[in-house]
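Asker: the following comprises the amino acid sequence and a computationally predicted model.
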Amino acid sequence: MLKELTELLGVSGNEGAVRSFIENEIKDFCTSLRTDSMGNLIAFKKASVPAEKTVLLSAHMDEVGFIVTGITDDGYLKFDSVGGIDPKILVSQRVTNGSISGVIAMKAIHLTAKAEREKPVTLDMLHIDIGATDKAGAERYVTPGDCFGFSSDYVEFGSMIKAKALDDRVGCSIMIDILKSEYPLNLYCAFTVQEEVGLRGARIASHGINPDFAVVIEGTTCSDMTATPENLRVTKSGNGAAISVIDSASRAEGELVSALVKTAKRHGIKHQYKAAAAGGNDAGALYVSNGGIKTASISVPCRYIHSPVCVMSRGDFESCGDIVKAFLNDFGKDLI
């Protein structure tokens, strides 16, 4: 299922294909299912026993990508980024809008002066080549405002998985699996939109739910390479799911963090703390919604995040899902 999810195109604001796939996967396992005005898919699963508590799980459907801003007379597409992407990784990458393919290109090295080669790559140096020979030819397929995303296959190698959009199709995949079991509390799962451009979907996802607490499931930064100082690695691939204490958008509820860690230890599930206040996710919007929601985040460490070649450990992915499932099943057993 993760393969299918990551290979779907779902640039922020264009999550329809991802939403339809998820809806089809979970519709037979929900008490109710709806799409709100923003495009968030909200699933509700009633507790398997009489229960007073309600938990909200959240994972975002969207991915980073590109929006067409213009078409040159030669038929090339000018573009801007949607979400945070480092321009230097973009040269020669394959992209698609779901119906046509292209490549991101810039002037060949043979034609650049030394001074040009020493400049950092910026978006205005780049264009998307879709094989058109002139502006009219390109306009038959593309108009300004259309979105493109990375075109990258899902690949398993050793204990690792490479794919685009692991941030946050890993969270979506885990929540789909979670909804297929029963739990002793009322469960909402919000598959949110537009996280990569300002946590927009999450700002309204909890309206009308009023959960007792929320847990965001995410793919997060991992920079455990040799060149990165130990204190800047944030998370380490292979060390288990990463439980956040603080990031750039929120401060996790201490009680929830302790409960997640206690659950992992009780069940012998590999885990780690996210070791830096880097990045942010939907927790930043949820914890200030509805007068304030107790919120925490648990993540799968992903190397090369926001690129076409995100890499994660299969074991970390499995441990993240296992901790959340155990947490839901153990709720009330001296956790909170």
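Answerer: The structure has been received and is ready for your questions. On a predicted model such as this, the values are computed, not experimentally measured, just so you know.

Asker: quick one: the helices in the stretch 1-150 of the chain?
Answerer: With DSSP state H, counting those that start in this stretch as the criterion, the stretch 1-150 of the chain has helices at 2-7, 16-26, 114-117, 135-139.

Asker: so which of the ones you listed gets nearest Asp322?
Answerer: Nearest to Asp322, of all the helices of the stretch 1-150 of the chain, is helix 2-7, at 15.2 Å by CB to CB. Using the backbone N, CA and C atoms, a C-beta is placed for each residue, glycine as well.

Asker: what lies in contact with the closest one?
Answerer: 18, 21-22, 153-154, 161, 163-166, 169-170, 172-173, 317 (CB atoms under 8 Å, 6 or more residues apart in numbering).

Asker: my guess is Ser37 contacts Ile204. True?
Answerer: Yes: with contact defined as CB atoms under 8 Å, Ser37 counts as touching Ile204 (7.5 Å).

Asker: tell me the average confidence for stretch 146-159?
Answerer: Mean per-residue pLDDT for stretch 146-159: 97.

Asker: over to stretch 202-209?
Answerer: Stretch 202-209 shows a mean pLDDT of 89 in the predicted model.

Asker: do stretch 55-75 as well
Answerer: Stretch 55-75 carries an average pLDDT of 97.

Asker: so what's Arg105 up against?
Answerer: Just to correct that, residue 105 is Ala rather than Arg. Val91, Ser92, Leu126, His127, Ile128, Asp129.

Asker: please read the previous query as pertaining to Leu56.
Answerer: Taking CB under 8 Å, 6+ apart as the criterion, Leu56 is in contact with Tyr188, Cys189, Ala190, Ala205, Ser206, Ile209, Pro211, Phe213, Ala214, Val215, Leu286, Ile293.

Asker: does it have beta-bridge partners, and which?
Answerer: Assessed by DSSP bridges, Leu56 has beta-bridge partners Tyr188, Ala214.

Asker: sorry, back to before: and Ser37 and Ile204? Which one has more around it.
Answerer: A count of neighbours by other CB atoms under 10 Å puts Ile204 above the other of Ser37 and Ile204, at 17 against 7.

Asker: can you tell me the closest non-neighbouring residue to the more buried one?
Answerer: Nearest non-adjacent residue to Ile204, counting by CB to CB, 6 or more residues apart in numbering: Met38, 5.5 Å away.

Asker: the one you found and Ala202 touch, don't they?
Answerer: No: using CB under 8 Å, Met38 makes no contact with Ala202, being 9.2 Å away.

Asker: more crowded one of the two?
Answerer: Neighbours around Met38 and Ala202, counted as other CB under 10 Å, are more numerous at Ala202. The numbers are 29 against 17.

Asker: measure that one to Asn290 for me?
Answerer: Distance, Ala202 to Asn290, using CB to CB, to the nearest Å: 12 Å.

Asker: what do Met38 and Ala202 both touch?
Answerer: Counting by CB under 8 Å, 6+ apart, Met38 and Ala202 have no common neighbour.

Asker: what are the boundaries of the strands in the stretch 1-150 of the chain?
Answerer: All strands of the stretch 1-150 of the chain, identified by DSSP state E, counting those that start in this stretch, fall at 32-35, 41-45, 54-60, 65-71, 77-82, 94-96, 101-105, 127-129, 147-150.

Asker: which pLDDT does the model give Ala278?
Answerer: On pLDDT, Ala278 comes in at 67.

Asker: any buried residues in stretch 182-200, and which?
Answerer: 183-197, 199-200 (16 or more other CB atoms under 10 Å).

Asker: one more: stretch 149-157?
Answerer: Gly149, Phe150, Ser151, Ser152, Tyr154.

Asker: hmm, Gly98 and the third one touching each other?
Answerer: No: the pair Ser151 and Gly98 fails to qualify as a contact (CB under 8 Å) at a distance of 9.9 Å.

Asker: coming back round to it: just the buried ones out of the contacts of helix 2-7, please.
Answerer: 18, 21-22, 154, 161, 163-166, 169-170, 172-173, 317.

Asker: and the helices of the stretch 1-150 of the chain: which comes nearest Thr221?
Answerer: helix 2-7 (17.7 Å).

Asker: from Glu218, how far off is Ser250?
Answerer: Applying CB to CB, the value for Ser250 to Glu218 is 12 Å.

Asker: more crowded one of these two?
Answerer: A count of neighbours by other CB under 10 Å puts Glu218 above the other of Ser250 and Glu218, at 29 against 23.

Asker: domains of the chain?
Answerer: 2-63+164-329, 65-150 (automatic domain parsing).

Asker: go through the ones you listed and pick out the most buried.
Answerer: domain 2-63+164-329 (a mean of 20; mean count of other CB atoms under 10 Å).

Asker: could you check how far it is from the centre of its chain?
Answerer: 8 Å (CA atoms, centre = their mean, to the nearest Å).
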